[in-house]
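# Starting from these lines, generate the structure:
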Amino acid sequence: MTTALIALASAFLILLVWRIRRRLHHSEEEKARLAQAKEAAEEINRATVTYLVGISQEIKTPLNMIINWSHQGLKAHDHTLIYEYFDHIEHTGELLIQILEDISDLSKIESGRLILIPKPFSLGTLLDDLNTLYAATARQKMVDFRFNIDERALGAYKADGVRVRQILDNILSNAIKFTHQGSITLSAVLQEHDDLISQVQFAIHDSGIGMDEQTQKEMFLPFAQGQEPFAKSHGSSGLGLAITSRLVHLMGGELKVESQEGKGSTFAFTLPLLRCPDQPECPEVQTMNALKKRFEPQHADNAPTQNTKARILVVDDQPTNARMLAHGLTGEYTVQIATGGAKALEIAHGDTPPDLILLDIMMPEIDGYTTCRSLKSDPKTSRIPIIFVSALDEEREEERGLNLGAVDYITKPFNLPIVRARVRNHINLKRQADLLEAMSHIDPLTHVANRRHFDEKLSSEALRLSRSRKNLGLLMIDIDFFKQFNDHYGHGLGDECLFGVAQALERTLQRPADLLARYGGEEFVAVLPETDEHGVMEIARRMLQAIESLAITHAYSQAADHVTVSIGAVCAKVDSRQKALILLQRADEALYKAKATGRNRVEKIDIED
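This is a model prediction of the structure:
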């Protein structure tokens, strides 16, 4: 019995010791884990502090410079010095804006909130814009700025073109900044491609100051460029390359650098870009040029038409902002300013509406959103492009503006070169859209107005003349025995005959308000607003003479040995579209009368008011 108790006690003691040792072991592991977590937390805290200190210093430096230059400017009496101080303030303010934008971008990237927005863009146009932007600066520094572009890489791609440009912008701006002699070369080479993806390699080489190996290892870290002694010798912000590296990674590439101190640097990356095979480079420009060449009227001695400036309306309740935008656009455009939504609506509905509107959002009485909604709901103003320019930089505000019908959204503080570029792009798009709209009103065979244009013209003139109580004249014109012409001479010559007759008839109309349209087949109609009976008959007789002068042989006509026309003429006051349609019927009756009495003549029907 005693032996059994001793054995049991021994086993209990052994188990107790084992448990104590186990707990001590776990306690050591827990201590180690806690120490690691503490170290990680302290590391995050140190990184956060470093990051915040970096942000603080990046912002504090240009702010102090602005304050100091402002104080100096207030004390100065020499105008030359004052202008110099303002120039310093402007450049420092631009630097501050860039720093704040960089901080915002980096914050979005690190938190995973930066979303790439793939849209079709032209790589050739993007590179051309960069050449325009940086070539002048390089020339000022006596640096040779070169492009080495593989033509196979050019074309239309679907990707976030804004971010592609931002990447190239950041690298090129550094190259310009750190290169004081020699050259800078931007190259774009097609590495490989299939039906969907093109691998395009971009490289920027400069003969600038270069970097040592340690700098190359740290340069893609936030604020690494801003640390001493790099910042003192290079004057660089600490975020540009960090953002660039992350953007390249987001787009499926890797940014690499090769550099040798005192001999220059090469930054290179390859992006997989989705091809748009059904969108050749700048297809809209090529198409519009072809359409213009075919359909624009020909002028004497091939003299070019006068290029009128597009009209821009700047709407902002802050006169300083409005004047700054207007000053930046005046050289290229005719600019008007409105200090509120009500004035903007008044100008847009005037006789000379703007071609594009730059619209602020936060305005008293009528805000920008309400103004935009009003413009887009009115057919007369709905086609005017609107670009919001606002200090509201939340994505939901931009989405709201674009959903209302705006074509673009620019946040304040704005960069004037960017504003100019976006305005230019949208003005070009509007001109192309206007040309296509005009083309939809043109008969493709005869190049005069088509039936749709005539119907719209008749309705609009009926409405206008109902207020002025003035006459509307109409001429219905038919080519005599045109079926016989087609049957014997063929449809090719028939089409040429139609074209020649249409052009001859149109040349007899000398007022901008008059319109000749192809009504159908070989029939044409002329709309003559504010024309009395004598004027209508005079134009009809000129038309007969114009066709006679063409002397187009028609051996199968029973009216003459050449092509002739018959014309029905009417003239009366109209007070509604219905009355205008009745007048059109009477013009057709007059045409029937001219054909029934021998053709090659004009007949009129008197209309009682």
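
# how far out from the middle of the chain is stretch 515-534?
Between the centre of stretch 515-534 and the centre of its chain there are 39 Å (Cα atoms, centre = their mean, to the nearest Å).

# End to end on that stretch, go ahead and measure it.
For stretch 515-534, the first and last residues are 18 Å from each other (Cα to Cα, to the nearest Å).

# for it, which positions count as buried?
515-519, 522-531, 533 (16 or more other Cβ atoms under 10 Å). All C-beta spots, glycine's among them, are computed from the backbone N, C-alpha and C.

# wait, which of the residues you listed is closest to Lys483?
Glu522 (8.2 Å; Cβ to Cβ).

# got a pLDDT number for the closest one?
Among the per-residue scores, Glu522 holds a pLDDT of 93.

# Please tell me I have it right and it contacts Met476.
No: the pair Glu522 / Met476 is not scored as a contact, 11.7 Å apart, by Cβ atoms under 8 Å.

# that older thread, quick one: which of the buried residues of stretch 515-534 sit in strands?
515-519, 523-529 (DSSP state E).

# Pick out the most distant pair among these.
Taking Cβ to Cβ, no two of those sit farther apart than Glu523 and Pro529, at 20.5 Å.

# Looking at the buried residues of stretch 515-534, which two lie furthest apart in space?
Largest separation among the buried residues of stretch 515-534 by Cβ to Cβ: Glu522 and Glu530, giving 28.4 Å.

# what's the neighbour count on Phe86?
13 (other Cβ atoms under 10 Å).

# show me the contacts for it.
Listed by Cβ atoms under 8 Å, 6 or more residues apart in numbering, the contact partners of Phe86 are Gly73.

# Skip ahead from whichever strand or helix holds it and say which helix or strand is next.
Element membership for Phe86 (DSSP states H and E) is helix 79-110. Once helix 79-110 ends, the next helix or strand along the chain (criterion: DSSP H and E) is strand 119-122.

# Pull out the buried residues from that next one.
121-122.

# What pairs with it, parallel or antiparallel?
Here strand 119-122 has these sheet partners by DSSP bridges: strand 156-159 (antiparallel).

# Convert the C-alpha atoms of the strand it pairs with to PDB, please.
What follows is strand 156-159, C-alpha atoms only, in PDB (Å, rounded to 0.1, in the frame of the first residue of the first chain):
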ATOM      1  CA  ALA A 156      -5.000  53.200 -80.500                       C
ATOM      2  CA  TYR A 157      -5.000  51.400 -77.200                       C
ATOM      3  CA  LYS A 158      -7.500  50.900 -74.400                       C
ATOM      4  CA  ALA A 159      -5.800  51.700 -71.200                       C
END
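
# Could you list the buried residues of it?
Those would be 156-157, 159, for strand 156-159 by 16+ other Cβ under 10 Å.

# With pLDDT and distance to Ser566 added, can I get these in CSV?
Converted to CSV, the buried residues of strand 156-159 look like this (pLDDT from 0 to 100; distance: Cβ to Cβ, whole Å):
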residue, pLDDT, distance to Ser566
Ala156, 88, 52
Tyr157, 90, 58
Ala159, 88, 61
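
# all helices of the stretch 101-250 of the chain, in order?
Ranges of helices within the stretch 101-250 of the chain are 123-140, 161-178, 213-218, 230-234, 240-250, based on DSSP state H, counting those that start in this stretch.

# same question, the stretch 401-550 of the chain
Using DSSP H, counting those that start in this stretch, helices in the stretch 401-550 of the chain cover 416-439, 451-468, 482-489, 491-507, 533-550.

# Go through those helices and find the least confident stretch.
Ranked by mean pLDDT, the helices of the stretch 401-550 of the chain bottom out at helix 416-439, which scores a mean of 84.

# Check which helices and strands that helix sits against.
The contact analysis (3 or more Cβ pairs under 8 Å, 6 or more residues apart in numbering; DSSP states H and E) places helix 416-439 against helix 283-295, helix 319-329, strand 356-359, strand 386-390, strand 408-411.

# what about Asn385, distance to Gln72?
One thing to correct before we go on: residue 385 is Pro, not Asn. As for Pro385, its distance to Gln72 is 43 Å (criterion: Cβ to Cβ, to the nearest Å).

# So if I had to pick from the two, which one is more boxed in?
Neighbour count, other Cβ under 10 Å: between Pro385 and Gln72, Pro385 has more, with 20 against 15.

# so that one makes contact with Leu359?
No: at 10.4 Å, Pro385 does not count as touching Leu359 under the criterion of Cβ under 8 Å.

# Report how many residues lie close to the closest residue to Arg424 other than its chain neighbours.
Using Cβ to Cβ, 6 or more residues apart in numbering and skipping residues adjacent in sequence, the residue nearest Arg424 is Glu332, 7.5 Å away. Neighbourhood size, Glu332 [other Cβ under 10 Å]: 14.

# show me where pLDDT drops low in the stretch 151-300 of the chain?
218-240, 277-300 (pLDDT under 70).

# among the helices of the stretch 101-250 of the chain, which is nearest Glu538?
Nearest of those (Cβ to Cβ): helix 123-140, 52.3 Å.

# which ones are touching the nearest residue to Leu544 once chain neighbours are set aside?
Distance criterion Cβ to Cβ, 6+ apart; nearest residue to Leu544, sequence neighbours excluded, is Val602 at 6.4 Å. By Cβ under 8 Å, 6+ apart, the contact set of Val602 is 537, 540-541, 543-544, 566-569, 594.

# Could you provide the residues you listed in a markdown table, with additional columns for distance to Ala433 and neighbour count?
Compiled in a markdown table, these are given as follows (distance: Cβ to Cβ, whole Å; neighbours: other Cβ atoms under 10 Å):
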| residue | distance to Ala433 | neighbour count |
| --- | --- | --- |
| Met537 | 40 | 18 |
| Ala540 | 37 | 25 |
| Arg541 | 40 | 15 |
| Met543 | 34 | 25 |
| Leu544 | 39 | 18 |
| Ser566 | 39 | 25 |
| Ile567 | 37 | 29 |
| Gly568 | 37 | 25 |
| Ala569 | 37 | 26 |
| Ala594 | 41 | 24 |
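
# Return the distance of stretch 323-340 from the chain's centre.
Distance of stretch 323-340 from the chain centroid (Cα atoms, centre = their mean) equals 18 Å.

# Next, the buried residues of that stretch.
Under the neighbour-count criterion of 16+ other Cβ under 10 Å, stretch 323-340 has 324-326, 328-329, 333, 335-340 buried.

# First residue to last residue on it, what's the distance there?
One end of stretch 323-340 sits 14 Å from the other (Cα to Cα).

# pLDDT averaged over that stretch - what is it?
For stretch 323-340, mean pLDDT rounds to 87.

# Can you tell me what sits against that stretch?
309-317, 319, 322, 344, 346-347, 354, 358, 363-366, 389, 414, 416, 419-420, 423-424, 427.

# Derive a ChimeraX selection command for the buried subset of these.
Buried residues among those (16+ other Cβ under 10 Å), as a ChimeraX selection:
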select :310,311,312,313,314,315,316,317,322,344,347,354,358,363,366,389,414,419,420,423,424,427
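
# hang on, the earlier thing: adding distance to Gln558, write the helices of the stretch 401-550 of the chain out as TSV.
Formatted as TSV, the helices of the stretch 401-550 of the chain follow (distance: least, Cβ to Cβ, whole Å):
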stretch	distance to Gln558
helix 416-439	38
helix 451-468	28
helix 482-489	8
helix 491-507	17
helix 533-550	16
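
# Nearest to Gln578 among these would be which one?
Nearest of the helices of the stretch 401-550 of the chain to Gln578, taken as Cβ to Cβ: helix 451-468 at 8.4 Å.

# correct me, but Glu261 touches Ile209?
Yes: using Cβ under 8 Å as the test, Glu261 is close enough to Ile209 to be in contact (7.4 Å).

# Would you check how far apart the residue nearest to Thr371 when sequence neighbours are not counted and Ile366 are?
Distance criterion Cβ to Cβ, 6+ apart; nearest residue to Thr371, sequence neighbours excluded, is Gly341 at 3.8 Å. Note on Gly341: its distance to Ile366, by Cβ to Cβ, is 3 Å.
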